[in-house]
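Student: Got a predicted structure here, sequence first:
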Amino acid sequence: MVALPSPLRLAWFFVLQLKRLAVASLALALSACATAQAPAPAVRAAAVAPASGPKVMVSAANPLAVEAGLNVLRQGGSAVDAAVAVQAVLGLVEPQSSGLGGGGFLTYYDAKTKKVIAYNGRETAPAGATADMFLDAAGKPLSYPDAVTSGKATGVPGAVAMLSMAQARHGKLAWKDLFGDAERLADQGFVVSPRLAGMISAPFPQTGTTDAKAYFTKPGGQRYQAGDMLKNAAYAATVRKIATEGPKALLEGELAQAIVAKAAQDPRPGTLTLTDLKTYKPKVGDAVCRPYRVYVVCVPDAPSSGVALLEALGILSNTDIAARGPTDPQAWFLFTQASRLMYADRDRYFGDPDFTPVPVEGLLEPAYVAERAKLIGDVAGPAPAPGKPRGAGKLAPDATQEPGGTSHFVIVDAAGNAVSMTTTVESIFGTGRMVGGFFLNNQLTDFSWSPKNTDGTQAANAVAPGKRPRSSMAPTIILDRDGKFYAALGSPGGNSILAYNLKALVAVLDWKMPMQEAFNLPNLIARGDNMASEPARFAPGVVEALAAKGVTFKGSGGEGSGLHGVIMTPQGLQGGADERREGVAKGF
């Protein structure tokens, strides 16, 4: 848990920040006087209107999951209680993104203590994992289709165990009563959404597996389409078992044996064992919190990439981006350059801190981020090199190929407690291998596929037994100057998650935009020499002005965003759901 800084230090900090904002505002006024991913399948055309509610809210990637969360809250459940129900339904209706066989990170705000806690349900590599497990006989990285559908790709699933740990601490209802909606929808069937239908028919490696074909093919031989009713009796049986037995239902007994057997099948069988599953433990610890403007932003520690997000905010705090806005090309230029600096450091230094120290304090030191900010010139130069923060070791360049296949949701309960959770099975439908009605994750492909440099230096994110792979997930909670909940947000998107989250944070905290409008802004991903965006969403002239500064876009950056969030306003809670997906934000 993280306590906020002392009242005196916070007071002094906010005075400085208010002075900085005043100077920035004056600069803007003077300036005004002087001048007088292969994209995911389309889901819907209509924009999502902001939702507001005075007491509680759920924002998630599927309306059925949102209703499951609201049903729990109507019964007096807590935000974590609702999170269990939301995850159980998402794993059924949005299996391309998350599920019982995956993992995630959960950031929790305790309204009573005003503290933020971070839960780590990231998958672990089996004891039999080796550093070269994703290399072929010639020592070259495996092809993407070979790696993501292999038995080697599956780590010990951690999402259910993590939720169980959090619910035991923060829940109000009985665990066994949180799976009713998921069981009912699996037994009686749910309507296949347009996004799921698009994924089912897309030519991903996982949609060609034996299990995926069997599950997604109707008796007549056609694949399920949008509007069809899909039942999953095996999933219903699994959630009934989890409701009764807790995470042991997955990590021990018949389901565990089935998981091990499925991962051991060809092609490229893995080494997962029953001991690997039985000994899995989620982690809980301090959220990493840092001030930004007049707020405090909190994220999970590594192997999440939340700290990289804080570093980017620190870099931007040394610019005048807050005095600009979404129609100003210079604002987006500053954003691209801060993003490139952030990714350079993240890619070099982040991994599982239990195996390789991550220089968190060094990366977030004000002097260090100020020096990084000085590297932002008038035009975009070559890809920035990683910096040398205090505590950084000598590490090899990273060769992680992190695909998309993730979901995010935010919940605020009647007591003011909040959950921000990013959850995943890694790539689309995980490995494409199913057990108990759910897909197994391919999370181990989040490790660096080339473990060492030519000089023998090891990568921070190299594979090792029992290690958790690095993740771009960064579920975020923002507090106000009094330590009270102000907002929470997050996104899926593979490596692009950090850019999506950063865009939303800048829009909400610097440009004071409503959550929905912040999400609707164009996405811009700048990592090394690769820059991608959605040109049609920018204000007129922005793309051309950026090109003049050396920022040109190639593609959309991979998996589309799925930002979901909630913010506190004088009128009550207001939610946002990324119009690029199928989510909604609802409250009461």
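Tutor: All right, it came through fine.
Student: Please count neighbours and contacts with C-alpha atoms only from this point.
Tutor: OK.
Student: Identify the residue nearest the residue nearest in space to the middle of the chain in space, chain neighbours excluded?
Tutor: By Cα atoms, centre = their mean, the chain has its centre lying nearest to residue 473, at 3.2 Å. Nearest residue to residue 473 in three dimensions, chain neighbours excluded: residue 304, at 5.6 Å (Cα to Cα, 6 or more residues apart in numbering).
Student: Helix or strand: which one has the one you found?
Tutor: If you go by DSSP states H and E, residue 304 is not part of any helix or strand.
Student: Correct me if wrong: it contacts residue 476.
Tutor: No: the criterion here is Cα atoms under 8 Å, and residue 304 misses it with residue 476 at 11.1 Å.
Student: neighbour count winner among these two?
Tutor: residue 476 (30 against 24; other Cα atoms under 10 Å).
Student: List the contacts of that one.
Tutor: 107, 297-300, 306, 420, 488-490 (Cα atoms under 8 Å, 6 or more residues apart in numbering).
Student: got the contact list for stretch 308-319?
Tutor: Contacts for stretch 308-319 (Cα under 8 Å, 6+ apart): 290, 292-293, 297, 334-335, 338-339, 341-343, 345-346, 363-364, 366, 369-370, 372-373, 474, 498, 501-502.
Student: Using PDB, write out every CA atom in it.
Tutor: C-alpha atoms of stretch 308-319 as PDB (Å, rounded to 0.1, in the frame of the first residue of the first chain):
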ATOM      1  CA  ALA A 308       7.300   4.000 -17.800                       C
ATOM      2  CA  LEU A 309       4.000   5.800 -18.000                       C
ATOM      3  CA  LEU A 310       5.000   7.900 -15.000                       C
ATOM      4  CA  GLU A 311       8.400   8.600 -16.600                       C
ATOM      5  CA  ALA A 312       6.600  10.000 -19.700                       C
ATOM      6  CA  LEU A 313       4.500  12.200 -17.500                       C
ATOM      7  CA  GLY A 314       7.600  13.400 -15.800                       C
ATOM      8  CA  ILE A 315       9.200  14.300 -19.100                       C
ATOM      9  CA  LEU A 316       6.100  16.100 -20.200                       C
ATOM     10  CA  SER A 317       5.900  18.100 -17.000                       C
ATOM     11  CA  ASN A 318       9.100  19.800 -18.300                       C
ATOM     12  CA  THR A 319       7.300  21.000 -21.400                       C
END
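Student: got any ranges where the stretch 401-550 of the chain has weak pLDDT?
Tutor: 401-404, 453-455 (pLDDT under 70).
Student: can you give me the strands in the stretch 251-400 of the chain?
Tutor: Assigned by DSSP state E, counting those that start in this stretch, the strands in the stretch 251-400 of the chain fall at 283-286, 288-292, 295-299.
Student: so which of those comes closest to residue 530?
Tutor: Nearest to residue 530, of all those, is strand 295-299, at 25.8 Å by Cα to Cα.
Student: Distance of residue 243 relative to residue 69?
Tutor: For residue 243, the distance to residue 69 equals 16 Å [Cα to Cα, to the nearest Å].
Student: ignore the last one, residue 383
Tutor: Residue 383 is 43 Å from residue 69, by Cα to Cα.
Student: between these two, which one's more packed in?
Tutor: Higher neighbour count among residue 383 and residue 69: residue 69, with 33 against 15, using other Cα under 10 Å.
Student: what does the model give the residue nearest to that one when sequence neighbours are not counted for pLDDT?
Tutor: Counting by Cα to Cα, 6+ apart, residue 69 lies nearest to residue 82, which is 4.5 Å off, once chain neighbours are set aside. Per-residue confidence for residue 82 comes out at a pLDDT of 99.
Student: how far is whichever helix or strand residue 82 is part of from where the chain is centred?
Tutor: Using DSSP H and E, residue 82 sits in helix 79-93. Centre-to-centre, helix 79-93 and its host chain are 16 Å apart (Cα atoms, centre = their mean, to the nearest Å).
Student: okay, now the residue lying closest to residue 530 once chain neighbours are set aside: neighbour count?
Tutor: Spatially, and ignoring its direct neighbours in sequence, residue 530 is nearest to residue 554 (7.4 Å; Cα to Cα, 6+ apart). Number of residues near residue 554 (other Cα under 10 Å) recorded here: 10.
Student: Can you classify the residue nearest to residue 90 when sequence neighbours are not counted by secondary structure?
Tutor: Ranked by Cα to Cα, 6+ apart and with sequence neighbours excluded, the top spatial neighbour of residue 90 is residue 65, at 5.8 Å. Of the three states, residue 65 takes helix under DSSP: H, G, I helix; E, B strand; the rest coil.
Student: On the pLDDT front, check residue 65 for me.
Tutor: 98.
Student: In contact with it, which residues?
Tutor: Applying Cα under 8 Å, 6+ apart, the residues near residue 65 are 85-87, 89-90.
Student: contacting residues for residue 206?
Tutor: 148-149, 212, 428-433.
Student: Taking those residues, tell me the two that lie furthest apart.
Tutor: 148 and 212 (13.9 Å).
Student: Of these two, which one has the most company?
Tutor: It is residue 148, of residue 148 and residue 212, that has more neighbours when counted by other Cα under 10 Å, with 29 against 18.
Student: wait, doesn't that one sit right on residue 440?
Tutor: No: using Cα under 8 Å, residue 148 is not in contact with residue 440, being 10.8 Å away.
Student: Which residues are in contact with each of those two?
Tutor: By Cα under 8 Å, 6+ apart, the residues touching both residue 148 and residue 440 are 430-431.
Student: Please identify which pair of the contacts of residue 65 lies farthest apart.
Tutor: Among the contacts of residue 65, 85 and 90 lie farthest apart (Cα to Cα), at 8.6 Å.
Student: Which one of these two is surrounded by more residues?
Tutor: Comparing residue 85 with residue 90 by neighbour count (other Cα under 10 Å), the higher total belongs to residue 90, at 28 against 25.
Student: tell me the contacts of the more buried one?
Tutor: Per Cα under 8 Å, 6+ apart, neighbours of residue 90: 61-62, 65, 98-99.
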